[in-house]
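In: coordinates for the following, if possible.
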Amino acid sequence: MLVLFQNGWSPLLVAAESGHTGVVKILIQNHARVDLFDEHGKAALHLACENGHDKMADILLRHKAFVNAKTKLGLTPLHLCAENGCNHLVKLLVENYLASIDAMSLTKRTPLHLAAGNGQLDVCNSLLNMKADVNATDIHGQTALHLAAENDHSEVVKLFLKHRPELVTSANMDGSTCAHIAAAKGSVAVVKELLKFNSSGVTTARNKTNDSTPLHLAAAGGHAGVVKVLLETGASASDEDAEGMSAIHLAAKNGHINVLEALKGCVSFRITSTKTGLTALHIAAHYGQLDFVREILTKVPATMQSEPPKSSVEMFHLKEHSGESGYTPLHMASQSGHESLVRLLLNCPGIQVDAATSRQGSTPIHLAAQNGHTAVVGLLLSKSTSQLNMIDSRGCSCLHLAAANGHNEMLRTLIGQGADINMTDKNGWCPLHFAAKSGYLDTVRYLVECGANPTLECNDGKTAIQYAADDNHQEVVSFLLRKNHNTLKLTEDRKFVFDLMVCGKLNNNRIIEEYILNSNAPLDTAVKLSRAFNIAALKEKERSVDLLNAAKYSETMATELLTIASGSKNAGYILRSVDHRGTSILDCLIECEQKNVVAHPAVQKYLTEVWYGNLDWTAWKLVLLFFTFLACPLVWFVFSLPLKHRFNKIPIMKFMSYLASHIFLLVLFILTIVYPPLSPIHEGHMVPNWNEWLLLAWLSGMLVSELTHQQERAGLAWIRVFVLGFSAVAFFCHLLAFIFTDMDRLHCLFARNIFLGIAMTLSFVQFLEFLTFHHLFGPWAIIIRDLIKDLTRFAVILALFHVAFTMQLSAVYQPVYPEPSANYSYNGTMTFRNDSNIQDPIDITVLLFFSLFGLVEPGSLPSLSRTPQFTFFIVRFVFGVYLIVTLIVLINLLIAMMSDTYQRIQAQSDTEWKFGRATLIRDMTRKPGTPSPFNLFTNLFYYIKLLCKHKGKMCSANARTLMNEEEVEVFPDTHSIDLLAHSSFGWVRTTAKRTMQVSPEGN
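Out: Coordinates of the predicted model:
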């Protein structure tokens, strides 16, 4: 039975550790296992070698113990006896039992590493004589010699170098040689041994870490003895490492006064770094080495300034000083916040508390404030309070620098001493700009509480909140939104709108909500912000989805705000309110295309009130009045003229008046060109008949209306322009007929009728615009409008295929054989037919077009002329492919596309119609009450009156201003939808009584 102790030791392991050979022999004779391991992976042989029991090891090895067995750390018995200096046991294992002399542990260390690291000279000598690998490196790239040097075993180092002198320059993976390691450890004896073999190589060797020599490491470690030895051997005291530090700089950094004494006479205490321009005094002041500064001040003055660097420094811990010069020790101490050192320097003779650096113009108080050292600033201000408003080369004071770095205690100190809180630098930045840009919420809050102006603009016209949003400091933006800010200007800033979207996306649009609710006019802000997001989405394609989502959120907020407002007050009170431009909220909703807001029941109710004005008539009365307009034009004439009644100012009355005018226009079109034509073309009458004169007057009135009054140009409203355009071409054709005679004259008149016919057709289509006001036809008009867009896109694709197949068939129909001299036919392989069967592209185009509607059969295709017989099959094949592509593919694609469009638009058709209805009502409100052709007379009367009133002033430069003033008197509120405010008054009215304004000027 095998007995184990708690730590996994068997009796054999216990006996082997204690060296009881007799007990071990008895245990082995009784079949004890020699390969049993404890919890650390050590066998009996490991324990015997570790404790130097050579006889025990010999017994175990003779009983088949594995000589190269490894513990959990990868240590063999040879590692353990070498580490503990058992030289005779080392020889036994290697010479008698062939133990692996270069076996490696888990850290890749050989027995030679462990012997050298522990200073086992005899073991090292034996291993070297047995050809152990002296170049083997561990996981840190260190050889056995490096470990000996690191642990100050000079005799071992001497032994290694005696065997292999070239090892003096071998380096580990960091580039450190034995000299570097020994110098860093302060091993004078090891350094001396190394210098005996290669003095120049030892003193000039540099590591890879920071290009340091052994002298640098010795000076940094404060090993004055090593420093003296190296200097006596010829090491250069002025050499610098990668950071621009020489030996005296490193001594100053670590405060080693003994090294300073060792360097005395070898280097000037005023020496400056070529990479930083700093002296040892500057370095000591920066790192707060008070005793070192006190000692070196006996040799150098406290007013020494740094010099311009001669070369750049990379990865330098004082990189903020690179490229700058003119630093004094007081600068360095103030920047690092060493209060005692600052007090010492302030008491030195000749010290200048307000000395500025060469490039940035920084003073000690600037550096102290920038790094938040309040106590140091207090000491500096005790010398002179005039430093408070001193500025550097950028125009920044200490208050700017403290705010930029979020040092609140420093701000309290400086403001308490009287610093100007709204002082600006050369770029117009105040401390609040810097704090907001850096995102320090507490700093921003404190500055605002102390009186900082959040609306102060820099030279670029930006405020603090814009810089906070630019860097996505959400909390700062949220805080500044609750303070005074120019909402209008912020909304017009495209960059801020984009930044606002980014901030909102990261916190579920909370910033957007706060921006709207904290403005002076939340509804107005929500509407304009939504429009700004939509415009930004057109320019920022990469973030268009996020911008559109933000626009939708703003529009939803506008709807909710309108719901709340209409619940407490009448919606008209809100919708009639005006912004800084004098534009009503409802006009803003329409201009910004806030369709969901316009579709709100409260808005639609108000629009209905505007539509009917104060006219409390039932529907049948209005219908009866409209038919009276048509039956008795005199009634229409009376209601349309701006006489002393209010009817021509009510939108629905204007609508009926314009609709009647449009119907009369169609009647004139019909009388002129359709039935019965009062002036038939064949009679060739050039002098217009009465109906043609009336038609010309009607069209002239429409042209005057288009030119003199702003009207909607979206959607179907463009039809009015096309009607006038085709009518103008028809008028030109009639004038052109005066030039020609006979048939050419008749052709011109015919062309006139054709163009008038097109204008008449468009006028019929224009009825869709008039039907927009009705809830039954309005949504259908919207759907038809969008379906026409799909039809237009389809027509473009169809035209491409149509032209392609037209050209293909035209090429096939071209004759192949020459025209025969006689008119006869062959029935062989060649067929010659009449030349009249040759088809040109125009004929083919017409044929293919009507084939789309099934009007052309394959058998009715034109016959071929002077072509091979198989051409007949080519024609049918091309024609068949054309029908497949157009009828099966494209037509079905059109049906699917229009079906999808219909289903997609139908859900929004009600909203679209309500928005179109609002546009129509606004258009009716802006229009004068006099339709065509009566507007010719009213406008003529208006301009004659204006000319008589102002006489010669109409030819001056301010004629446009005079006309605008007259329009305000005659046609009040021409740009407002608010008719309720003036629907019951007379001709003359002013806008002076309009006082409701939702956002003040400039906000």
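
In: quick one: end-to-end distance for stretch 380-391.
Out: Distance across stretch 380-391, first residue to last, is 15 Å (Cα to Cα, to the nearest Å).

In: let me redo that: stretch 261-277
Out: 23 Å.

In: ok, residues contacting that stretch?
Out: Outside stretch 261-277, the residues that touch it by Cβ atoms under 8 Å, 6 or more residues apart in numbering are 219, 224, 227-228, 231, 237-238, 240, 243-249, 251, 260, 278-281, 296, 299-300, 304, 306-313, 316, 318, 321-322, 324-325, 327. C-beta coordinates here come from the backbone N, C-alpha and C atoms, glycine included.

In: what do you get for stretch 51-68?
Out: For stretch 51-68, using Cβ under 8 Å, 6+ apart, the contacting residues are 16-17, 19, 21, 24-25, 28, 34-35, 43-45, 48-49, 76-78, 81, 84, 86, 88-89, 92-93, 96-100, 103.

In: how many neighbours does Lys162 have?
Out: Using other Cβ atoms under 10 Å, Lys162 is surrounded by 12 other residues.

In: how about the helices of the stretch 251-400 of the chain, start to end?
Out: 257-263, 280-286, 290-296, 329-336, 339-346, 364-370, 374-383, 398-404 (DSSP state H, counting those that start in this stretch).

In: how about the longest one, which residues are buried there?
Out: Neighbour-count burial for helix 374-383, with 16 or more other Cβ atoms under 10 Å as criterion, is recorded at Thr374, Ala375, Val376, Val377, Leu379, Leu380, Leu381.

In: equivalent analysis for the fifth one, please.
Out: Applying a neighbour-count criterion of 16+ other Cβ under 10 Å, one finds Glu339, Leu341, Val342, Leu344, Leu345, Leu346 buried in helix 339-346.

In: now the second one: how far from His249?
Out: Counting by Cβ to Cβ, to the nearest Å, the separation of Leu341 from His249 is 17 Å.

In: any low-confidence regions in this protein?
Out: Across the chain, the ranges flagged by pLDDT under 70 are 1-8, 312-322, 568-569, 677, 710-716, 776-778, 781, 820-838, 906-907, 950-1003.

In: can I see the domain layout of it?
Out: 1-133, 486-612, 619-771, 785-818+829-926 (automatic domain parsing).

In: for the longest one, measure first residue to last.
Out: Looking back up the chat, that one is domain 619-771. Terminal-residue distance, domain 619-771 (Cα to Cα): 16 Å.

In: and it, how far from the chain's centre?
Out: 54 Å (Cα atoms, centre = their mean, to the nearest Å).

In: list the contacts of Leu575.
Out: With Cβ under 8 Å, 6+ apart, Leu575 has these contacts: Ser584, Ile585, Leu586, Leu589, Val603, Tyr606, Asp978.

In: among the domains of the chain, which is nearest Cys430?
Out: domain 486-612 (15.9 Å; Cβ to Cβ).

In: re earlier: turn the buried residues of helix 339-346 into TSV, columns for distance to Thr424.
Out: Output for these, formatted as TSV (distance: Cβ to Cβ, whole Å):
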residue	distance to Thr424
Glu339	31
Leu341	34
Val342	29
Leu344	36
Leu345	32
Leu346	31
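
In: in stretch 116-134, what's buried?
Out: Residues 116-121, 123-128, 132, 134 are the ones in stretch 116-134 that count as buried (16+ other Cβ under 10 Å).

In: please disregard the earlier target; I meant stretch 592-608.
Out: Per 16+ other Cβ under 10 Å, stretch 592-608 contains these buried residues: 592-600, 602-604, 606-607.

In: then stretch 697-704?
Out: Here stretch 697-704 shows Trp698, Leu699, Ser700, Gly701, Met702, Leu703, Val704 as buried, counting by 16+ other Cβ under 10 Å.

In: also stretch 247-263?
Out: Neighbour counts over stretch 247-263 (16+ other Cβ under 10 Å) mark 247-257, 259-260, 262-263 as buried.

In: from those, which two are the most distant?
Out: Longest span within the buried residues of stretch 247-263, Cβ to Cβ: Lys253 and Ala262, 15.7 Å.

In: now do the contacts for Ser336.
Out: Neighbours of Ser336 in contact, by Cβ under 8 Å, 6+ apart: Ala285, His286, Tyr287, Gly288, Asn371, His373.

In: compare those and tell me which is most surrounded.
Out: Ala285 (32 neighbours).

In: wait, doesn't it sit right on Ile296?
Out: No: using Cβ atoms under 8 Å, Ala285 is not in contact with Ile296, being 9.7 Å away.

In: overlap of the contact sets of these two?
Out: With Cβ under 8 Å, 6+ apart as the test, Ala285 and Ile296 reach no residue in common.

In: C-terminal to the host helix or strand of Leu847, what's the next element?
Out: In the assignment (DSSP states H and E), Leu847 maps to helix 841-851. Per DSSP H and E, the first helix or strand lying C-terminal to helix 841-851 is strand 867-868.

In: which strands and helices sit next to that next one?
Out: strand 830-831 (3 or more Cβ pairs under 8 Å, 6 or more residues apart in numbering; DSSP states H and E).

In: before we move on, the earlier item: Serialize the helices of the stretch 251-400 of the chain to JSON lines and add fields for distance to Phe801.
Out: Below are the helices of the stretch 251-400 of the chain laid out as JSON lines (distance: least, Cβ to Cβ, whole Å):
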{"stretch": "helix 257-263", "distance to Phe801": "91"}
{"stretch": "helix 280-286", "distance to Phe801": "80"}
{"stretch": "helix 290-296", "distance to Phe801": "90"}
{"stretch": "helix 329-336", "distance to Phe801": "77"}
{"stretch": "helix 339-346", "distance to Phe801": "87"}
{"stretch": "helix 364-370", "distance to Phe801": "72"}
{"stretch": "helix 374-383", "distance to Phe801": "81"}
{"stretch": "helix 398-404", "distance to Phe801": "66"}
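
In: out of the ones you listed, nearest to Asp840?
Out: That would be helix 398-404 among the helices of the stretch 251-400 of the chain, by Cβ to Cβ, at 79.6 Å.

In: in terms of secondary structure, what does the closest one contact?
Out: Contact here means 3+ Cβ pairs under 8 Å, 6+ apart; on that basis helix 398-404 packs against helix 364-370, helix 408-416, helix 431-438.

In: and these: which comes nearest Glu514?
Out: It is, among the helices and strands packed on helix 398-404 and with distance given as Cβ to Cβ, helix 431-438, at 15.7 Å.
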